[in-house]
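S.K.: Just need the structure, nothing else, for what follows:
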Amino acid sequence: MDKHNHVVSTFTLVFIFLLTTTLVSAVEDPWTGLPLPPELTLDLRKRLEACGNVLTKPCGIEVYNSVLGSGKIGQHCCKKLIQMGEVCNDELSTALGLFDKYKNAKLLIKVKSLRKFNQCKGQ
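M.R.: Presented below is the predicted three-dimensional model:
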C-alpha cells in the first residue's frame, strides 16, 4: 500500500468512528490492505488527510477503536477530535462507511461517531 493510501486509510479509521462490539470484537489494523472505494475522490482524500493531520495517527486509532468497539476516547484525543472539527468528523465517518467492510454499518457509524464527538465536546 503506498503512503498516500495508508494515510487516507489511517484517517478514515477515525470514524471513523463505528460499529458495535458485537460486530467487531477486536480491532487490529482492519484498514490494512482495504482497497479505496471509488467514491473517495482526490478532493475528499485531501480533505481527509488535512483532518487526520490535526487528529494525529495515535488519536485516530483511539477514536476508531472507540467508535468501532467499546473503548473510550481519552481527554487528549478528545481535544484533538474537537480541534479537528465536526465537519471533519462527519466526512471521516462517511468515508469509513464507503468501505465494503463497513457498508452495512454506515448509519451506525455516523450515529456513533457523532455521539463520540458530542461526548468529547461536553468534556
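S.K.: so how far is the helix or strand hosting Asp90 from its chain's centroid?
M.R.: When elements are defined using DSSP states H and E, Asp90 is found to belong to helix 86-96. Offset of helix 86-96 from its chain centre (CA atoms, centre = their mean, to the nearest Å): 7 Å.
S.K.: which helices and strands sit right next to it?
M.R.: On a contact count with 3 or more CB pairs under 8 Å, 6 or more residues apart in numbering; DSSP states H and E, helix 86-96 meets helix 3-13, helix 42-55, helix 106-121. Every C-beta, even on glycine, is put in place using the N, C-alpha and C of the backbone.
S.K.: Would you mark the buried spots in the longest one?
M.R.: In other words, helix 106-121. Buried residues in helix 106-121, counted by 16 or more other CB atoms under 10 Å: Lys106, Leu108, Ile109, Lys110, Lys112, Ser113, Leu114, Lys116, Phe117, Cys120.
S.K.: so the fifth one touches Val67, yeah?
M.R.: The reference is to Lys112. Yes: contact criterion CB atoms under 8 Å: Lys112 and Val67 qualify, at 5.2 Å.
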